[in-house]
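Visitor: Here is a sequence together with a model predicted from it:
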There are 2 protein chains.
Amino acid sequence: MADVLGLFTDILGDEGVVAGEQISEDYEHDEALSSHPVRPEAVLLPRTTEDVSAILRTANEHGIPVTARGAGSGISGAAIPVEGGVIVSFERMNAIIEIDVDNHVAVVEPGVRLAQLDEALAPHGFVYPVRPGESSASIGGTVNTNAAGMRAVKYGVTRHHVIGLEVVLPSGEVIHTGGKIVKVSSGYDLTQLIIGSEGTLGLVTKVWIKLSPRLPKGATVLAPFATLDEVTSAIPKILASGLQPLILEYIDLLTMMVIVMDSGIELGISDEIRQTALAYLVVSLEDNHEDRLEQDTVALGELLAGELGALDVFVLPQGAASDLIQAREHAFYAAKTRGFHDVIDVVVPRAKLPDFVRAVGEISQEFSSGIVGCGHAGDGNVHMAVLQEDPEIRNKIMHRLLSSGLELGGAISGEHGIGRMKKPYFLAYEDPTKVDLMRGIKRVFDPNGILNPGVIFD
Amino acid sequence: MADVLGLFTDILGDEGVVAGEQISEDYEHDEALSSHPVRPEAVLLPRTTEDVSAILRTANEHGIPVTARGAGSGISGAAIPVEGGVIVSFERMNAIIEIDVDNHVAVVEPGVRLAQLDEALAPHGFVYPVRPGESSASIGGTVNTNAAGMRAVKYGVTRHHVIGLEVVLPSGEVIHTGGKIVKVSSGYDLTQLIIGSEGTLGLVTKVWIKLSPRLPKGATVLAPFATLDEVTSAIPKILASGLQPLILEYIDLLTMMVIVMDSGIELGISDEIRQTALAYLVVSLEDNHEDRLEQDTVALGELLAGELGALDVFVLPQGAASDLIQAREHAFYAAKTRGFHDVIDVVVPRAKLPDFVRAVGEISQEFSSGIVGCGHAGDGNVHMAVLQEDPEIRNKIMHRLLSSGLELGGAISGEHGIGRMKKPYFLAYEDPTKVDLMRGIKRVFDPNGILNPGVIFD
């Protein structure tokens, strides 16, 4: 390996290769709970596509495993390196190359952070509406997990907005897929194949993002309900109303308590309702026109308080609304801080949410383990945190949670990805014929298996 | 082959296998212009997924090429069989299996026609907004070309709405991808890979479609412009306005004349404007609320007549509007009837539309050949018909048209697919590294190469 490090230094210079004691412990893990940190042999810091190409050519020749890393904010362990492998960290490839206001396209390097892009887009009246909980996440990371977040209920997920990629293959060859074109039907869609592939097919070095108009007016409504069932049953009706919510989240009682405690938000909920409510729905609307927004907010309030049976309806002042949404986005960290051991992000058909949440309650009771959560209710995507120290019992709980979701027609991960943490479950439940197809595709792109080996499948 | 026909008859019964003289000439071609019809050995008419599985197992064992066929309305020749091969026609698999009003999902067989689905969805207040020109197109065909059409500017293309597939592999194995879930990040997205694969990876036997709320109010505006340049320059500004057009099409002078002549529509355009206008823009809006629609239509009219420089603005009465849109959808048939020899559906970055249209004008003059068209201007997707009998000159024109589009950052096909007709151009211009990856993927799914051989690549 020492020799190979020398080759990497030839490519990147001394300041582009961090090895040995110099490597920060940050690079041993991402945000996955209960994961085992692994120390990489080196952290490589390319500046250009040519750097990445030379790195991969060298690694491929010497059979060195390569794990790509954006911001390290993933929670499935896809950025944890393997023993004897290197990390390619995109922190120095963080330029916003172009904001093309005529074509409504941004071209960015993979190390660009979501918050950084948002700041650059705002003056042009555009938005990139993919908002996973963490705004420090990198574009490269979000492309590789097909990240989603709260606004997916209106805008869809990463794969609906990324229209082109520059990708370096293990051979060092550089391909360009898509571009500033919003549709294409010219051969297999490699852009779509690489989105969500968790660094196993190629390294993304440039991303073409379709931009959306930034709607300036927003309103957020908080509705407490007596039961979680009522909350989840309300979802399809809100979506069918045509109100096009930007955000449609549920928060269970415990999670709401924690969120309020951590953030100190004052939501103005009376003690009486606080004691009666078992779950909350958060609904945000956005518009270009103030009058339409008001009209829709009133209609939403009437729907919630009337037919859908909310205990009350609070239109939140703007400050409290954004505090609540931010606190909800950070619910994962709240669980982490409190020592929770694992998380799931099962997605089920949205009308099956009540069944799934009921199943979770039963599993929680059966194993006397805390399982609390919140979720992108509009998408049927549930985030649950599991409190159970014993790995064996936890494993049983995880199997029960995931298989319950799958039985309802769901999938193991809605937006976090499989990574290393969910791989055993993925391989246990996914159709082997499909896994074989995926393995075959992997071999086409990466015949020597150097890219993130052990992620998604072995 | 006679023996194998017997095997197919064992699977499908006598009425499921059409061979020899009994085969209608329809099955020798699709709607591609200047294509060479090929007579299949047999037309197979499965009724179930099990039938399709048994057909493919048998064909795979005997090395018989299989071409899937929906409605035969494609225009790239992807449904033209190969010598010695069979057609699997999905005309008897045309059931709408389920309309799930809670999950906003329809589950359909591939032979279902778009018009049939629309009729079934209307009473539930839903719409499947993919509208290629031909409403008799089958769902299976539109999935395999990643069809789009006029409403893509607002709703996106097929791959944004199809969320699950049942697919039979050449081995006869049946896989299920996705389902009633609106997002997923659990391994490579095989749904997305199969969408647009033109029958070369597997045969689609069931489709899960995400439904959208059907907005009841609509308005259509027709704006004549003095130059085509002004029309195409107006597009990005209309899209940035936040008015969210449902349809945003341009029609050039000749195409408009033909459309009006064929359909007999009375658009109420004065002779003076008719003589001055060189191109037209058609913009449709839709909404839930009549008052918002009116407000937006006024705003659109002001934008068009003001900053964008339209010669006039006509808000079309509903009858004339739907006649015009239908006539525009049938522009392809107008070109076909008039003996045009080829069509392109190049897609370019939308702000490059003026450059592309200018290049087309130059090519038309240089070769003294008629090249007229219209297009999904909001998507940068241009439909042009070429009138040039001489195949050699036509080939030169096609190369020039397509390479002009590619030089502007475009792609050969926005929505028609590559099929057989555009394959030579695709192979001439596409990066060989990408074509190799596609060939590798093809081998993973179809190691014996029985599925639509010669489509997309050889």
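Guide: Sure thing, it's come through.
Visitor: any idea how far A:Ile11 lies from A:Leu45?
Guide: From A:Ile11 over to A:Leu45 the distance is 11 Å, taken as C-beta to C-beta, to the nearest Å. C-betas here are computed from N, CA, C, even on glycine.
Visitor: I should have written A:Ala122 there, sorry.
Guide: The span separating A:Ala122 from A:Leu45 equals 29 Å under the rule C-beta to C-beta.
Visitor: Let me see the ranges of the strands in the stretch 201-350 of chain A.
Guide: Counting by DSSP state E, counting those that start in this stretch, residue ranges of the strands within the stretch 201-350 of chain A are A:203-210, A:212-213, A:217-225, A:247-252, A:279-287, A:314-316, A:342-344.
Visitor: Turn these into CSV, columns for mean neighbour count, distance to chain B and mean pLDDT.
Guide: As requested, these are exported to CSV (neighbours: other C-beta atoms under 10 Å in any protein chain shown; distance: least, C-beta to the nearest C-beta, whole Å; pLDDT from 0 to 100):
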stretch, mean neighbour count, distance to chain B, mean pLDDT
strand A:203-210, 25, 10, 98
strand A:212-213, 18, 5, 94
strand A:217-225, 22, 11, 96
strand A:247-252, 26, 12, 93
strand A:279-287, 24, 9, 95
strand A:314-316, 18, 20, 94
strand A:342-344, 24, 12, 94
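Visitor: Contact residues of the stretch 251-400 of chain A facing chain B?
Guide: Contacts of the stretch 251-400 of chain A with chain B, taken as C-beta under 8 Å from any C-beta of the partner chain, map to A:Asn288, A:Arg292, A:Val347, A:Val348, A:Pro349, A:Arg350, A:Ala351, A:Lys352, A:Asp379, A:Gly380, A:Asn381.
Visitor: typo on my end, the stretch 51-200 of chain A
Guide: Of all the residues in the stretch 51-200 of chain A, those lying near chain B are A:100-105, A:125, A:145-148, A:152, A:156-157, A:159-160, A:169, A:173, A:175-190, A:192-193, A:195-197, going by C-beta under 8 Å from any C-beta.
Visitor: Report the contact partners of A:Ala321.
Guide: Applying C-beta atoms under 8 Å, 6 or more residues apart in numbering or on different chains to A:Ala321 gives the contacts A:Gly218, A:Ala219, A:Thr220, A:Ser284.
Visitor: Go ahead and build a PyMOL selection from the buried members of the residues of the stretch 51-200 of chain A next to chain B.
Guide: Here is the PyMOL command that picks out the buried ones among those, judged by 16 or more other C-beta atoms under 10 Å in any protein chain shown:
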select buried, chain A and resi 100+101+102+103+104+105+145+146+147+148+152+156+157+159+160+169+173+175+176+177+178+179+180+181+182+183+184+185+186+187+188+189+190+192+193+195+196+197
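Visitor: out of the residues of the stretch 51-200 of chain A next to chain B, which are inside helices?
Guide: With helices identified by DSSP state H, the entries of those that belong to them are A:Thr145, A:Ala152, A:Leu190, A:Gln192, A:Leu193.
Visitor: quick one: contacts for the spatially closest residue to the fourth one that is not a sequence neighbour?
Guide: What it means is A:Gln192. Closest residue to A:Gln192 apart from its sequence neighbours, by C-beta to C-beta, 6 or more residues apart in numbering or on different chains: B:Gln192 at 3.9 Å. Neighbouring residues of B:Gln192 by C-beta under 8 Å, 6+ apart: A:Arg159, A:Asp189, A:Gln192, A:Leu193, B:Arg159.
Visitor: tell me the pLDDT at the closest residue to chain B within the stretch 1-150 of chain A?
Guide: Distances between the stretch 1-150 of chain A and chain B by C-beta to the nearest C-beta are smallest at A:Asp102, namely 3.5 Å. At A:Asp102, the model reports a pLDDT of 91.
Visitor: And it, how close does it get to B:Leu303?
Guide: Relative to B:Leu303, and taking C-beta to C-beta, A:Asp102 is found at 16 Å.
Visitor: next one: A:Ile363
Guide: As judged by C-beta to C-beta, A:Ile363 and B:Leu303 stand 56 Å apart.
Visitor: same question, A:Gly74
Guide: Remark: distance between A:Gly74 and B:Leu303 (C-beta to C-beta) = 43 Å.
Visitor: Have a look at these two and say which one is more surrounded.
Guide: When A:Gly74 is set against B:Leu303 and neighbours are counted by other C-beta atoms under 10 Å in any protein chain shown, the residue ahead is A:Gly74, at 30 against 19.
Visitor: Checking that one next. Helix, strand or coil?
Guide: Here A:Gly74 takes the coil state, with states given by DSSP: H, G, I helix; E, B strand; the rest coil.
Visitor: Am I right that it is in contact with A:Glu415?
Guide: No: shown here, A:Gly74 and A:Glu415 do not form a contact pair, counting by C-beta atoms under 8 Å, at 10.6 Å.
Visitor: can you list residues touching both of those two?
Guide: Joint contacts of A:Gly74 and A:Glu415 (C-beta under 8 Å, 6+ apart) are A:Thr145.
Visitor: Where does the prediction get shaky in the stretch 1-150 of chain A?
Guide: Across the stretch 1-150 of chain A, the stretches falling below the confidence threshold (pLDDT under 70) are A:1-2.
Visitor: what about 50?
Guide: The model of the stretch 1-150 of chain A has no residue with pLDDT under 50.
Visitor: Quick check: closest non-adjacent residue to A:Val18.
Guide: Leaving out its chain neighbours, the residue that sits closest to A:Val18 by C-beta to C-beta, 6+ apart is A:Val43, at 4.3 Å.
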